[in-house]
Structure formats: structure tokens, C-alpha cells
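1. everything below, folded, please.
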Amino acid sequence: MTTAESQPLIECEHCASIYRRHQLEPGETANCARCGATLWRYSGLTLSNWLALAIAALIIFGVANAYPVASMSVQGMVQQASLLDAIDITWRQGHYTVAVMTGLAGFVLPLVQLAVLLWVLGPLSRGVEPAAFRSAMRLLGLLRPWCMVPVFLLGVLVAVVKLAGMAAVSPGIGLFAFGVLTIFLTMLGRLTPHVLWRYAESEGVVPVHVPEAGPDVVLTGCHVCGQVQAVPRDADPEEEHHCVRCHAVVHYRKPDHLNRTWALLLAAVVFYIPANVLPVMKVSSVLGDSAHTILGGVVELWDMGSWDIALIVFIASVAVPLTKLLALILLLLTEQWRSTTNLRPRTRLYQMVEFIGQWSMLDVFVVILLAALADFQGLMEISAGAGAAAFGVVVILTMLSAMSFDLRRSWDLEA
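-> Just a heads-up that it's a prediction; the model follows:
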């Protein structure tokens, strides 16, 4: 086998094209020639650099959650709130679904993600295979889409603007720490399980398997470690196989993906109605009680003169969920119609749906932070409404729906 033929293979996750992986020069990016998706990027960071970045992120994570993100002053009373304060108050108010969703997305899962990265980067930087490496990579792959620290950061900014018209609001140390943490987590977001497996290959701590193509087999990649392997050509596309490297279950194509995607999408549509009709926030004060829907909050921000923040909230909480629903319906229908037109634009559309998925959680984070900052007993109290829980469920269902869809089947029709 020649040197070129011994290079590891990589599968495009969107169209299933197979390529040989090679070293990139600084600034280079490898893109799929078929669908245009990014396959891998050059990185000048070593494993030791990534380890230092992960340690710094963990320290900043502790600071961000130990200190308040903002404080509010009303008639001589001052209320400070951190993310954990907001989650605690939301739980004590009886909104358990909202408290659990935001607690997981904003605190628990990002912390576990950092812990997993430190668990594997430490040994890898010394040229040693981490203990339970396979299990850790599966866990990391499950965690990544659900860590929403950047969404919480934007939620803090929106909450501060909304409250600025009612009282004196000032940012706290936690807000600046969350800003730094967002930058660090965005950088660490490039360490996908596939990338870490490639680092492990480069360090020689895991084997490199290079399957040979032939008339009786087709090549497919493992969704956990990215290992490309041969599957019998006459095998059922939905039949289970096991990865030769990480032993995860490998399907040539996602089983029953249309029915599963439709079911999750229709459930999201059902919850989308109460999410927009029911109030996401309730306000009790000496002036009386009021309730606000998502659109009501946008209008309120606009009337306050904060048109820029109103636009951000409208895009994240109204336009993005509706766009996700319509985009997924279009992708499902075009595949059911066995259409092979505009496959590249449809791939871009699917990538967009994946990217914007978590940003719809913005309003839910805004509500819990407002509840923590405006917790003045007898004077003012803000709590989540039924619409907030419904909206959070919509976000989860649309993200699961996008994960269930298999775009490779649309590209199969072109072959």
C-alpha cells in the first residue's frame, strides 16, 4: 500500500462522499467537492494548547457561576442574580420544567462537557490513551448540541435592557466572565469527537483502519468516531453493524428517519401554538398583575426604544423557530418526493437549521433571569408562564427532529 493509500479516510456527514485525509497548511480548509460542506480545518493548536484552554475555560466557568451577572436596585433595595440563583428561584416558584431545562443547558451539561474534555486531553497530550476513551467520546457527542452558554449570555443582555426602563440595572462580574467563557467554549467547540479521534490517531494511541473499497462493499463512516468502514453492498441500509474501532452501532443510513423526523416535527408544531399563545412571563407588582407573550415582549422592547434588542428577540424567538419548522418540512417533502434538484442549497438549509437550533431558547433564559433580578417580595415579582415551558419543549423537539433527519438519503437519489 502506498503512502497516499495508507492515509485515513473521512466521510462527509451530509452527502456520504469518501475522501482521504491529508495534512492542511495554515489557513486551509478541506471542503466536500460534492455538497460543499466543511470536512476538516487546519488547527495550529497542539493537544497541550487545547488542554490549557480547557483548564482556563473551567476556571472561568467557576467564576461566571460564582458571581452575579447583574444587579437591580429599586427604592433602596438591591437584588443580585447569578445563573444558579435564577434556576433556584424558578424552581421555588414551581416552574420545574423551565428550571430543569435551563439548569441542564446552561450549567450541568457545559460543566460535564468541560470535564470530559479535560478527561481525554490530559492523557492524549502525554501520548496515552485516556481511560474509557470510547465512552467519553460518545458522551461528548451527545452533550455538544445541548450546551447553551452563548444563548444565556445573550439572554442576560436582553434582560438587562428590559429592566433598565424600570430600575437601575448594572452588569456584574459574572456577565463579563460569561463573555470570556463563550469565547473559550466556541473555540473548544471545534474539538468534536471526530477531531479528538484524529488527534488520537496522530499520537498513535488508537489504531488507524483503512478499509479497501470493492464491488461487493460500500464505505460508510461511524457517527461516533468517524472511522470509515466497509459494509456489504447487499446489506439492508438500516441493518446494524458495529464500528471496528469504537464498537458503536453503525447504520449505513439512519433507520426509519422520515417517520421519526415527522413525528418529532409534528409534536413541535403542536407545542408551538401554546408557546406563542400562552404567556411566557407573568409580572406582579403594586401597580397590578400582567402577563406577556413572546410577541408582547418584542413589542414592549420596541416601545421602549430598544429596537435593536427587539429585533434580536424577534429573530431568536419568533423567526428562528418558524424558520426551523418550515425548513424541516421542506426537506422532508423534497425527499419524500424523491427530488434531486437543488441538493447543495438544501444542504446549506439543513446546516442552517442545525446551527440556529439552540438560539430559540433565548426567551426562556431571559424569563428566569428576570425572575431572579426582580424578586422583591411585596413590591415586584416576575415568574415564568406556561408558554415558557412549551417554548422550551419546541426547541428540544425541533433539535431532535433535525438530528433524526438523514440528508444522505437525498444525495443517494442522485447517484
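2. shaky segments in this structure?
-> 1-6, 165-167, 235-239, 285-289, 304-306, 378-379, 415 (pLDDT under 70).
3. grab the most central residue of it for me.
-> In the chain, the residue lying closest to the centroid (CA atoms, centre = their mean) is residue 145, at 2.8 Å.
4. residue contacts, the closest residue in space to it that isn't next to it in sequence?
-> Leaving aside its chain neighbours, residue 145 sits nearest to residue 399 (6.3 Å; criterion: CB to CB, 6 or more residues apart in numbering). Where you see a C-beta, it was placed from the backbone N, CA and C, and this is true even at glycine. Residue 399 is in contact with 145-146, 357-358, counting by CB atoms under 8 Å, 6 or more residues apart in numbering.
5. let's see that with 10 Å instead.
-> By CB atoms under 10 Å, 6 or more residues apart in numbering, residue 399 lies in contact with 145-146, 264, 268, 324, 353-354, 356-358, 360-361.
6. which ones among these are found in helices?
-> 264, 268, 324, 353-354, 356 (DSSP state H).
7. ok now whichever helix or strand residue 363 is part of, how far from the chain's centre?
-> Secondary structure from DSSP states H and E places residue 363 in helix 362-373. Averaging C-alpha positions (CA atoms, centre = their mean, to the nearest Å) puts helix 362-373 19 Å from its chain's average.
8. if I look at the residue nearest to residue 216 when sequence neighbours are not counted, how far off is residue 252?
-> Leaving aside its sequence neighbours, residue 216 sits nearest to residue 233 (CB to CB, 6+ apart; 5.6 Å). Distance, residue 233 to residue 252, using CB to CB, to the nearest Å: 10 Å.
9. do the same with residue 347
-> From residue 347 to residue 252 the distance is 19 Å (CB to CB).
10. give the buried subset of the contacts of residue 399 as a ChimeraX selection command.
-> Here is the ChimeraX command that selects the buried residues among those (16 or more other CB atoms under 10 Å):
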select :146,264,268,324,353,354,356,357,358,360,361
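11. circling back to that earlier point, how about the helix holding residue 363 as CSV, C-alpha atoms only?
-> Output of helix 362-373 as CSV, limited to C-alpha atoms (Å, rounded to 0.1, in the frame of the first residue of the first chain):
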residue,chain,number,x,y,z
LEU,A,362,-33.2,32.8,24.3
ASP,A,363,-36.6,33.9,25.7
VAL,A,364,-36.6,31.1,28.3
PHE,A,365,-33.2,32.2,29.7
VAL,A,366,-34.5,35.9,29.7
VAL,A,367,-37.5,34.9,31.8
ILE,A,368,-35.6,33.1,34.5
LEU,A,369,-33.1,35.9,34.8
LEU,A,370,-35.8,38.5,35.1
ALA,A,371,-37.4,36.3,37.8
ALA,A,372,-34.2,36.4,39.8
LEU,A,373,-33.5,40.1,39.4
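12. after that helix comes which helix or strand?
-> Following helix 362-373 toward the C-terminus (DSSP H and E): strand 380-384.
13. quick one: list the elements packing against that following strand.
-> helix 83-92, helix 96-103, helix 149-164, strand 281-285, helix 362-373 (3 or more CB pairs under 10 Å, 6 or more residues apart in numbering; DSSP states H and E).
14. Serialize these to JSON lines and add fields for mean neighbour count and distance to residue 189.
-> Output for those, formatted as JSON lines (neighbours: other CB atoms under 10 Å; distance: least, CB to CB, whole Å):
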{"stretch": "helix 83-92", "mean neighbour count": "21", "distance to residue 189": "19"}
{"stretch": "helix 96-103", "mean neighbour count": "21", "distance to residue 189": "20"}
{"stretch": "helix 149-164", "mean neighbour count": "22", "distance to residue 189": "10"}
{"stretch": "strand 281-285", "mean neighbour count": "19", "distance to residue 189": "30"}
{"stretch": "helix 362-373", "mean neighbour count": "28", "distance to residue 189": "18"}
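15. the stretch 151-300 of the chain: helices as residue ranges?
-> Assigned by DSSP state H, counting those that start in this stretch, the helices in the stretch 151-300 of the chain fall at 173-188, 193-203, 257-277, 294-303.
16. helices or strands up against the first one?
-> Put plainly, it is helix 173-188. Against helix 173-188 (3+ CB pairs under 10 Å, 6+ apart) you get helix 47-66, helix 83-92, helix 109-125, helix 149-164.
17. can you put the ones you listed in CSV and add distance to residue 74?
-> Putting the helices and strands packed on helix 173-188 into CSV (distance: least, CB to CB, whole Å) gives the following:
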stretch, distance to residue 74
helix 47-66, 24
helix 83-92, 16
helix 109-125, 31
helix 149-164, 10
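18. out of those helices, which is closest to residue 335?
-> helix 149-164 (29.6 Å; CB to CB).
19. would you mind writing the CA trace of the closest one as CSV?
-> Taking C-alpha atoms only, helix 149-164 is exported to CSV below (Å, rounded to 0.1, in the frame of the first residue of the first chain):
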residue,chain,number,x,y,z
VAL,A,149,-23.9,29.2,27.4
PRO,A,150,-23.8,31.7,24.5
VAL,A,151,-27.6,31.7,24.5
PHE,A,152,-27.6,32.5,28.2
LEU,A,153,-25.1,35.4,27.7
LEU,A,154,-27.4,37.0,25.1
GLY,A,155,-30.3,36.4,27.4
VAL,A,156,-28.6,38.4,30.1
LEU,A,157,-28.1,41.3,27.8
VAL,A,158,-31.8,41.2,26.8
ALA,A,159,-32.9,41.0,30.4
VAL,A,160,-30.7,44.0,31.4
VAL,A,161,-32.2,46.1,28.6
LYS,A,162,-35.8,45.1,29.5
LEU,A,163,-35.3,46.0,33.2
ALA,A,164,-33.3,49.2,32.5
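20. what angle sits between it and helix 173-188?
-> Note on geometry: by axes from the mean of the first three to the mean of the last three CA atoms, to 10 degrees, helix 149-164 and helix 173-188 are set 150 degrees apart in direction.
21. hmm, back to that, export the helix or strand where the residue nearest to residue 145 lies to CSV, keeping only CA atoms.
-> Taking DSSP H and E as the definition, residue 399 sits inside helix 386-404. Taking C-alpha atoms only, helix 386-404 is exported to CSV below (Å, rounded to 0.1, in the frame of the first residue of the first chain):
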residue,chain,number,x,y,z
ALA,A,386,-46.8,28.2,30.8
GLY,A,387,-45.7,29.5,27.5
ALA,A,388,-42.0,29.3,28.6
ALA,A,389,-42.2,25.6,29.2
ALA,A,390,-44.0,25.0,25.9
PHE,A,391,-41.4,27.1,24.1
GLY,A,392,-38.6,25.1,25.6
VAL,A,393,-40.2,21.9,24.5
VAL,A,394,-40.5,23.3,21.0
VAL,A,395,-36.7,24.0,20.9
ILE,A,396,-35.9,20.5,22.1
LEU,A,397,-38.3,18.8,19.7
THR,A,398,-37.1,20.7,16.7
MET,A,399,-33.4,20.0,17.5
LEU,A,400,-34.2,16.3,17.9
SER,A,401,-36.1,16.4,14.6
ALA,A,402,-33.1,17.9,12.8
MET,A,403,-30.9,15.2,14.3
SER,A,404,-33.2,12.5,13.2
